[in-house]
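>>> I'd like to go over a predicted model; first the sequence, then the structure.
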Amino acid sequence: MDNEKIELDALAVFSHPDDAELTASGTMLKLKSLGYRTGVLDMTRGEMGTRGTPEVRAEEAREAARILQLDARLNLEQPDGHVWLTEEARRAMVRVIRTHKPKVIFTAHWDDPHPDHAATARIVREAARLASMRRYDEESGLDAVKMPSVAHAVFSRLIVPSFIIDVSDFVEEKMRAIQAHASQFYRADSEEPQTRISEKGFLQQIEWRMRYYGSLIGAAAGEAFYVREALNVADPVQLLTRPMNIYS
Ligand SMILES: [Zn+2]
């Protein structure tokens, strides 16, 4: 995958190599089917994970990228378990934004209980703004860009979504992309230590979660997002006459 300089329409930025798959991969598959160029940036190599090695996890991430038909899979090589809002992390993220020029970034929510996830959301928000400032990190030689929009995945907290994407047509591929991270999830023959996400019922819960958010818009499956800013709607009639569930 030659992803050195490719320009992207949408970039999913999450902390660990399976987070984007678990959270927003139905949306990435849908965007790909609509003709957009998509990418995933993992903040870390997941080296602090209880199961799997960095090498195994990198191979799994490549396989998942293939299933998701990503145009780029990037890694910021921040220390797993120690992702933090530092100047180094902001600058590295600004360079990614200026190089790949995503119009929309999907990321975690800043109130996520996992410190890496919360810090990732903050780094993305600050870097999105800084990437538009001409004088910031001038020494990189990269031009400032228009500030990308940031949408936070509704995953770890009960937050009212700003919108839900109908991903009904992509459930199977999403689950295949998740299962590409085989070291992390349930396998009867695995001798690695048990974690929260390697319990037998975890992947079932992921699917139920998609089914639940789908039910809120009258669809078979959905992924929910929160946008901090007010949404600029061109045609409220067109928007508000799309199928909804009045019991959501
Ligand atoms: Zn994670």
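Yep, it's here. Numbering: from 1, shown residues only.

>>> Would you mind listing the residues in contact with R176?
I67 (CB atoms under 8 Å, 6 or more residues apart in numbering). (Glycine included, C-beta is placed from N, CA and C.)

>>> Please report the distance of it from the ion.
19 Å (CB to the ion, to the nearest Å).

>>> interface residues of this protein facing the ion?
15-16, 19 (CB under 5 Å from the ion).

>>> go again using 8 Å as the cut-off
Residues of the chain lying close to the ion (CB under 8 Å from the ion) are 14-16, 18-19, 46, 108, 114, 116-117.

>>> Filter these down to the buried ones.
14-16, 18-19, 46, 108, 116-117 (16 or more other CB atoms under 10 Å).

>>> Sort those by pLDDT and name the bottom one.
Ranked by pLDDT, these bottom out at G46 (91).

>>> Dump the buried ones among the residues of the chain next to the ion into TSV; add secondary structure as well.
As requested, those are exported to TSV (DSSP: H, G, I helix; E, B strand; the rest coil):
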residue	secondary structure
F14	strand
S15	coil
H16	coil
D18	coil
D19	helix
G46	coil
A108	coil
D116	helix
H117	helix
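
>>> Which two of the residues you listed have the greatest separation?
G46 and A108 (14.8 Å; CB to CB).

>>> ok, I159 - contacts?
Here I159 is in contact with 109, 111, 226 (CB under 8 Å, 6+ apart).

>>> before we move on, what about I197?
So I197 contacts 18, 184-185 (CB under 8 Å, 6+ apart).

>>> now, which of those residues sits nearest the ion?
Each of the contacts of I197 was scored against the ion by CB to the ion, and D18 proved nearest at 7.2 Å.

>>> so who does the closest one touch?
46, 60-61, 64, 178, 181, 184, 197.

>>> distance of the residue lying closest to S15 once chain neighbours are set aside from F14?
Among residues not flanking S15 along the chain, D116 sits closest, at 4.1 Å (CB to CB, 6 or more residues apart in numbering). Distance of D116 to F14, computed by CB to CB, to the nearest Å: 9 Å.

>>> Overlap in contacts, these two.
Common neighbours of D116 and F14 (CB under 8 Å, 6+ apart) are M43.

>>> could the contacts of D18 be laid out in CSV, adding secondary structure?
Output for the contacts of D18, formatted as CSV (three-state DSSP):
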residue, secondary structure
G46, coil
E60, helix
A61, helix
A64, helix
I178, helix
H181, coil
Q184, helix
I197, coil
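
>>> Buried ones from those residues, can you make that a ChimeraX selection?
A single ChimeraX command selects the buried members of the contacts of D18 (16+ other CB under 10 Å):
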select :46,60,61,64,178,181,184,197
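
>>> Name the nearest of the contacts of D18 relative to R91.
Distances from R91 to the contacts of D18, taken by CB to CB, are shortest for G46, at 22.3 Å.

>>> list the contacts for that closest one?
So G46 contacts 16-18, 52, 54, 57, 80 (CB under 8 Å, 6+ apart).

>>> Adding secondary structure as columns, could you present those in a markdown table?
Shown next, in a markdown table, are the contacts of G46 (three-state DSSP):
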| residue | secondary structure |
| --- | --- |
| H16 | coil |
| P17 | coil |
| D18 | coil |
| G52 | coil |
| P54 | helix |
| R57 | helix |
| D80 | coil |
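
>>> Which of those ranks first by neighbour count?
P17 (31 neighbours; other CB atoms under 10 Å).

>>> surely that one meets E60?
Yes: look at P17 against E60 with CB atoms under 8 Å: they come within range, at 6.8 Å.

>>> joint contacts of these two?
Joint contacts of P17 and E60 (CB under 8 Å, 6+ apart) are H181.

>>> Check the chain for the residue nearest the ion and tell me.
For the chain, CB to the ion, closest residue to the ion: H16, 3.6 Å.
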